[in-house]
Structure formats: structure tokens, C-alpha cells
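*Asks:* can't give you the sequence, but here's the structure:
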């Protein structure tokens, strides 16, 4: 696979969660993190939010060569929308099938239906 996948969640300071944490908002926050670290043209790669789970964690897809840069940008994000926050990276893999283990039932349906489509696109 030409892609790397990151399972991560966004945690905000305080007890309140950010309402509406969906694929669109995760992508916006990830792009803001990347732009803050590398500028608008410094990253120059597509960021995909493949799914957001019931626990509001997300699976991101990025080109394999950009994994370290993307992970750094997520790790260094400290605020969004005026609120202190941080990304917690739970797992990194070069295969989507890694996420369909007995411990990640939330992702199994999505991954089984989408992994072959994603891998066909990269060939």
C-alpha cells in the first residue's frame, strides 16, 4: 500500500466534548494542524478522514511518505476553535485491515467494505 493509516482521537480540555466531531470537522482540524506546522503548501499531500467511530475517534489516511510529518502536526496541535486540545494517536498501520481486530469492532464493517476499494485506487 502507498498509504499509512492513523487511528487517533481529539481530546479537549475540560469535561465538554466538541459537538459535531465528524469527518468534515476532523479534516478541517487536521488541515489546520498541518498548515500551522508546514504552511499552506509545505505538506502538499491529501489527507483523508476514512471514518469516525462511535467513540468519535477517527481513521486518517495519508501518503506513506508523509506519515511522520502528519503525525508531528497532530502531536503539536494545542488548540482549536479557542479551546485547548490534543490528539491522541492510538495506532498507526500501513494496512487498513490491521484495524479490523477483535478489539476494534467499531471499525470492522467500514474496513471490510472499503479496504479493497482503497487498495484498488492506489494501484
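*Replies:* Right, received. Where do you want to start? Just so it is clear, the model here is predicted, and its values are computed rather than measured. Residues are numbered from 1 along each chain as shown.
*Asks:* and stretch 49-58, how far out from the chain's middle?
*Replies:* Remark: stretch 49-58 is offset 8 Å from the chain centroid, using CA atoms, centre = their mean, to the nearest Å.
*Asks:* now the strands for the protein?
*Replies:* Taking DSSP state E as the test, the strands found in the chain are 3-12, 48-52, 58-63, 79-80, 83-93.
*Asks:* who does the fourth one pair up with?
*Replies:* Meaning strand 79-80. strand 83-93 (antiparallel) (DSSP bridges).
*Asks:* avg pLDDT for the partner strand?
*Replies:* Here strand 83-93 scores 93 as its mean pLDDT.
*Asks:* Can you tell me how far the residue lying closest to residue 79 once chain neighbours are set aside is from residue 13?
*Replies:* In space, and not counting its chain neighbours, residue 79 is closest to residue 85: 6.1 Å by CB to CB, 6 or more residues apart in numbering. Just so you know, the C-beta spots here come from the backbone N, C-alpha and C atoms, and that holds for glycine as well. Shown here: residue 85 relative to residue 13, a distance of 7 Å by CB to CB, to the nearest Å.
*Asks:* Same question for residue 62.
*Replies:* Going from residue 62 to residue 13 by CB to CB gives 26 Å.
*Asks:* Neighbour count for the two, which is higher?
*Replies:* A direct count of neighbours by other CB atoms under 10 Å for residue 62 and residue 13 places residue 62 higher, at 22 against 11.
*Asks:* quick one, what contacts the residue nearest to that one when sequence neighbours are not counted?
*Replies:* Once flanking residues are discounted, residue 62 sits nearest to residue 70: 4.7 Å by CB to CB, 6+ apart. Applying CB atoms under 8 Å, 6 or more residues apart in numbering to residue 70 gives the contacts 4, 6, 30, 34, 43, 45, 47, 60, 62.
*Asks:* Next, the contact list for residue 67, please.
*Replies:* Neighbouring residues of residue 67 by CB under 8 Å, 6+ apart: 4, 6, 92.
*Asks:* Quickly note the distance from the closest residue in space to the first one that isn't next to it in sequence to residue 12.
*Replies:* In this case it means residue 4. Distances taken as CB to CB, 6+ apart place residue 67 nearest to residue 4, at 4.0 Å, with adjacent residues excluded. Distance from residue 67 to residue 12, counting by CB to CB: 25 Å.
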